[in-house]
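Asker: Return atomic coordinates for the entry below.
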Amino acid sequence: MKKSGDNNQYRVALIGSGDRRPKSVQQAKSLRPLIENHVEVIGENFDYSDCPSQMGADFAIVLGGDGSILRSAKLMKENQIPVLGVNLGKLGFLADVNPAEIEAALACINKGSFELIDHLMMQAQVIRDGKQIAEDTGLNEVAILGGPPFEMQQIDLSVDGQTATSYSCDGLIISTPVGSTAHNLSAGGPILRKDLQAFVIAPISPHTLTVRPVVDSADRIYEFVAVRPNQSACVVLDGQIMTELQANDRIRISRAKSIFQLIEVSGNNYYQTLREKLGWRGQFKRVSS
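Answerer: Numbering: from 1, shown residues only. Presented below is the predicted three-dimensional model:
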């Protein structure tokens, strides 16, 4: 990550979900003077109408929550620039810099005390009768979700063209390591370290108890067939509906060409985030003798 601004400063774009959280715009504007003490702000985008990489920014400061970061990654598609996440939301697993820490974080970045962590992104395609009807890139997950009449779904899985298994379940999630701490975790899937090059496949409420989540390489092609989807079953990418499903639609998942880069400043680390954000603080109880 290089400085391209005047006076040897980084050029940054401020991004946030003002269209969904109007208060975040006020918070972002109140933080702007602090940010400008350390970097050159070249633009703001609080409705995701402009791609920050096209503004000429060296990196983007996303002010919001994890959902805002997902929207930013999706907006940038193949034109990714690094992102510093400032948490104005609740959990903030990806946006792990608090507003009170923003000046210290930017000071670390200016001194070079940071890491750029590459994150795997996924490409999702929906194919019907041999023709692609939807395609998009995501950072978190693709979910095949049923709707009314809420009957068990049959979802067949093949990997690299070879039959793997057939799921009888309420739905299915395939996620990146970033997405492993989201819906996948709630469905009983494992946590994957953020820089792993793997996907995790987790069925939702599978009928067969021996069916468990599977972790496999991101360099494979995963294809799911919704054999008899419910009336309003759909494919959801990072919380956004791609399309409703019809019988025998094929959902193809592969590694995206794009790589999402998150700026991690000194003092923050993966296991610290797990402990503080997910309450991952197992302790043994002391028994008095």
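
Asker: And the contacts of stretch 174-187?
Answerer: 66, 93-94, 119-122, 138-143, 173, 189-196, 198-204, 213, 218, 222, 224, 253, 260, 278 (Cβ atoms under 8 Å, 6 or more residues apart in numbering). Yep, even glycine has a C-beta here, placed from its N, CA and C like the rest.

Asker: gap between the helix ranked longest in the chain and the chain center?
Answerer: Taking DSSP state H as the criterion, the chain has its longest helix at helix 22-36. Helix 22-36 has its C-alpha centroid displaced from the chain centroid by 24 Å (Cα atoms, centre = their mean, to the nearest Å).

Asker: Then stretch 216-233?
Answerer: Worked out by Cα atoms, centre = their mean, stretch 216-233 lies 19 Å from the chain centre.

Asker: If you count neighbours, what's buried in it?
Answerer: 218, 222, 223, 224, 225, 226, 229, 230, 233 (16 or more other Cβ atoms under 10 Å).

Asker: Would you show me how to pick out the buried ones of the contacts of stretch 174-187 in ChimeraX?
Answerer: Restricted to buried positions by 16+ other Cβ under 10 Å, the ChimeraX selection for the contacts of stretch 174-187 reads:
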select :66,93,94,119,120,121,122,138,139,140,141,142,143,173,189,192,194,196,198,199,200,201,202,203,204,213,218,222,224,253,260
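
Asker: Show me where the chain dips below the pLDDT cut-off.
Answerer: Applying pLDDT under 70 to the chain picks out residues 91, 266-269, 281-289.

Asker: got the residue ranges for the strands in the stretch 51-200 of the chain?
Answerer: With strands called from DSSP state E, counting those that start in this stretch, the stretch 51-200 of the chain shows them at 59-64, 83-87, 114-128, 131-138, 141-145, 153-159, 162-169, 171-175, 198-204.

Asker: Contacts for the first one, please.
Answerer: So the one you mean is strand 59-64. Where contact means Cβ under 8 Å, 6+ apart, the residues beyond strand 59-64 that reach it are 1, 10, 12-17, 21, 24, 27-28, 31, 35, 52, 68-69, 72, 81-89, 95, 263.

Asker: give the contact list for the most centrally placed residue in the chain.
Answerer: Most central in the chain under Cα atoms, centre = their mean is residue 140, positioned 3.1 Å from the mean C-alpha point. For residue 140, the contact set (Cβ under 8 Å, 6+ apart) comprises 70, 175, 176, 178, 179, 182, 238, 239.

Asker: Which residue, other than its chain neighbours, is closest to the second one?
Answerer: Distances taken as Cβ to Cβ, 6 or more residues apart in numbering put residue 141 closest to residue 175, at 3.8 Å, once the chain neighbours are dropped.

Asker: quick revisit: which residue is the nearest non-sequential neighbour of the residue nearest to the centre of the chain?
Answerer: residue 179 (3.7 Å).

Asker: One more: residue 115?
Answerer: Nearest non-adjacent residue to residue 115, counting by Cβ to Cβ, 6+ apart: residue 264, 4.7 Å away.

Asker: so that neighbour makes contact with residue 119?
Answerer: No: the pair residue 264 / residue 119 is not scored as a contact, 10.9 Å apart, by Cβ atoms under 8 Å.

Asker: Could you measure from the spatially closest residue to residue 151 that is not a sequence neighbour over to residue 222?
Answerer: Leaving aside its sequence neighbours, residue 151 sits nearest to residue 230 (Cβ to Cβ, 6+ apart; 5.9 Å). Using Cβ to Cβ, to the nearest Å, one gets 21 Å for the distance from residue 230 to residue 222.
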